[in-house]
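Participant: here's my sequence, what's the structure:
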Amino acid sequence: MDIEDVHKNVKLLIDGKPWNIDDVDFVKPGKGRAIYRLRLRNLLDGSTLDRTYHSAEKIEEAPVTTREDQFLYREGDSYVFMNTETFEQMHVRERLLGDRAVFLKEGTVVTVLMLGDDPIDVTLPAHVDLEVVGTEMGMKSATITAQNKAARLETGATVGVPAFIKEGDVIKVDTRTGTYVERVTTKK
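Facilitator: Okay, here's the model as predicted:
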């Protein structure tokens, strides 16, 4: 692949390791070849790297694929996913999911980025609906600003919610920020 064809979120293979392009800075000096400064993030360990390339240089694109998998259950320090097309099961280490693991509920369909047969990233849906299993007591005070209280969800996650949310309500949570979006259904 030519360096001129790179853009944000292209996956590269550098020294046998997969990297994501987080940022591209293009500079065309008055004389000489154009310069491409890349901010790269390692897809295996999250480390960052800055690299500079000149026009006409060749780089290697990483042979990554994506697939849809469904979360089945947790087993020890790994999470078991099933490919929605082949029904094959795959174990994903907890460290690959990081903080996002608290939003996984049985049956959630995720996008898995694969390098060969190895998962290197898991993308959760932007929003998930989760049931509230416990809340703090809300403060009863006259204020102008909205008061939030902590709510414990069915997956073990804790998020701040408005005072009117109670146990049994189902709420929509943004998995990218870990914040409350809206109430989906209320307890009868």
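Participant: and the residue sitting furthest away from the middle of the chain, its phi and psi?
Facilitator: Distance to the chain centre peaks in the chain at residue 31, reaching 41.7 Å (criterion: C-alpha atoms, centre = their mean). As for residue 31, its main-chain torsions (degrees, to the nearest 10) stand at phi -120, psi 150.
Participant: ok, residue 100 next?
Facilitator: Residue torsions, per degrees, to the nearest 10, at residue 100 are phi -70, psi -20.
Participant: tally of neighbours for it?
Facilitator: 16 (other C-beta atoms under 10 Å). All C-beta spots, glycine's among them, are computed from the backbone N, C-alpha and C.
Participant: which residues are in contact with the closest residue to it other than its chain neighbours?
Facilitator: Closest residue to residue 100 in three dimensions, ignoring its sequence neighbours and counting by C-beta to C-beta, 6 or more residues apart in numbering: residue 124, at 5.4 Å. Each residue near residue 124 by C-beta atoms under 8 Å, 6 or more residues apart in numbering is listed here: 100, 103-104, 108, 110, 175.
Participant: ranges for the strands of this protein?
Facilitator: 11-14, 17-27, 35-42, 48-54, 64-75, 78-83, 89-93, 109-115, 118-123, 127-135, 148-153, 158-162, 170-174, 179-185 (DSSP state E).
Participant: switch these over to TSV; also include distance to residue 4, mean neighbour count and mean pLDDT.
Facilitator: Formatted as TSV, these follow (distance: least, C-beta to C-beta, whole Å; neighbours: other C-beta atoms under 10 Å; pLDDT from 0 to 100):
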stretch	distance to residue 4	mean neighbour count	mean pLDDT
strand 11-14	14	17	88
strand 17-27	9	16	89
strand 35-42	8	17	90
strand 48-54	10	13	90
strand 64-75	21	15	92
strand 78-83	36	18	93
strand 89-93	35	15	92
strand 109-115	24	17	92
strand 118-123	26	17	87
strand 127-135	37	17	92
strand 148-153	47	17	90
strand 158-162	44	18	91
strand 170-174	36	18	93
strand 179-185	39	14	89
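Participant: break the protein into its domains for me.
Facilitator: The record's domain parsing of the chain by automatic domain parsing lists 3-54, 64-123, 127-185.
Participant: just to revisit the earlier point, next one: the residue nearest to residue 100 from residue 54, what distance?
Facilitator: Applying C-beta to C-beta, to the nearest Å, the value for residue 124 to residue 54 is 38 Å.
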